[in-house]
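Participant: Attaching a predicted model along with its sequence, questions to come.
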Amino acid sequence: MIRVQREDFDPGAEMAALTRGRHDIGGVACFVGLVRDMAGEKPIRAMTLEHYPGMTEKKLTEIEAEAHRRWPLQASLVIHRFGRLEPGDRIVLVITASAHRQAALESCQFLIDWLKTDAPFWKLEETPSGGEWVSARDSDESAKKRWL
Amino acid sequence: MKLLYFALFRARIGRGEEELAPPAEVRTVGGLVDWLAQRGPGYRAALADRRLVRVAVNQDYVDFDHPLAANDEIALFPPVTGG
């Protein structure tokens, strides 16, 4: 399941809902991405996440389907927020559930690595010198390549 | 065709979308990027470094040699930075 939303989410409540009534799940992995207050040396007051409505949902659905193709998953959830966020706010949630821990842990990392390079989101940071679009990092591309 | 611009490209070009009819000799995504870059300083600035131009046709990533069709929705944007 994927959701793209402006509102915050509750990771514990989402995890509970995903596994409620299920007795075939032996392990759940969860990743939560948060807004930091620094970008390198620069203090960040807030950031605004822009996305491409339609393509965002399409890419997240494809990436989630790819995770299910590669690992035996019982359930999964990806939530990505957009709009203005402040330091400490939650940005992204990935939850994967499987019979065993290895599939849950690996697929969780796969999902966050792939959505960082494929899902059409862009961050505009509010710095003391004005708004600055965040540049993509080579390390994100190499994180994705580990899974090719 | 419908063109969409996101993030830094939208800021530089000064709009998020527009309908354009490129000349017939523009047949590929790469040709379209070249043609757009000549439309003004904002376009030129946004599209100057081709390594930093990503293109989606009908919401799928494509390479610069991808052929164009009249009813395509074409989005141009910098490398993504979500997550």
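Facilitator: Structure's in. What do you need? Numbering: from 1, shown residues only, chains lettered A, B, ... in the order given.
Participant: Next, the distance between the ends of stretch A:37-44.
Facilitator: 5 Å (C-alpha to C-alpha, to the nearest Å).
Participant: I meant to write stretch B:27-41 there.
Facilitator: 23 Å.
Participant: Stretch A:2-17 too?
Facilitator: 14 Å.
Participant: For it, could you pull out the residues that count as buried?
Facilitator: Buried residues in stretch A:2-17, defined by neighbour count with 16 or more other C-beta atoms under 10 Å in any protein chain shown: A:2, A:4, A:9, A:11, A:14, A:15. C-betas here are computed from N, CA, C, even on glycine.
Participant: now the residue of chain A found nearest chain B, nearest residue through space, not along the chain?
Facilitator: Closest residue of chain A to chain B, C-beta to the nearest C-beta: residue A:121 (2.7 Å). Spatially, and ignoring its direct neighbours in sequence, residue A:121 is nearest to residue B:82 (2.7 Å; C-beta to C-beta, 6 or more residues apart in numbering or on different chains).
Participant: Backbone torsions only: list them for that neighbour.
Facilitator: phi -80, psi -160 (degrees, to the nearest 10).
Participant: Next one: it from residue A:73, what distance?
Facilitator: Distance, residue B:82 to residue A:73, using C-beta to C-beta, to the nearest Å: 22 Å.
Participant: follow-up on the earlier one: tell me what the residue of chain A closest to chain B is bridged to.
Facilitator: Bridge pairing for residue A:121 (DSSP bridges) gives the partners residue A:51.
Participant: can you tell me which of the buried residues of stretch A:2-17 are in strands?
Facilitator: A:2, A:4 (DSSP state E).
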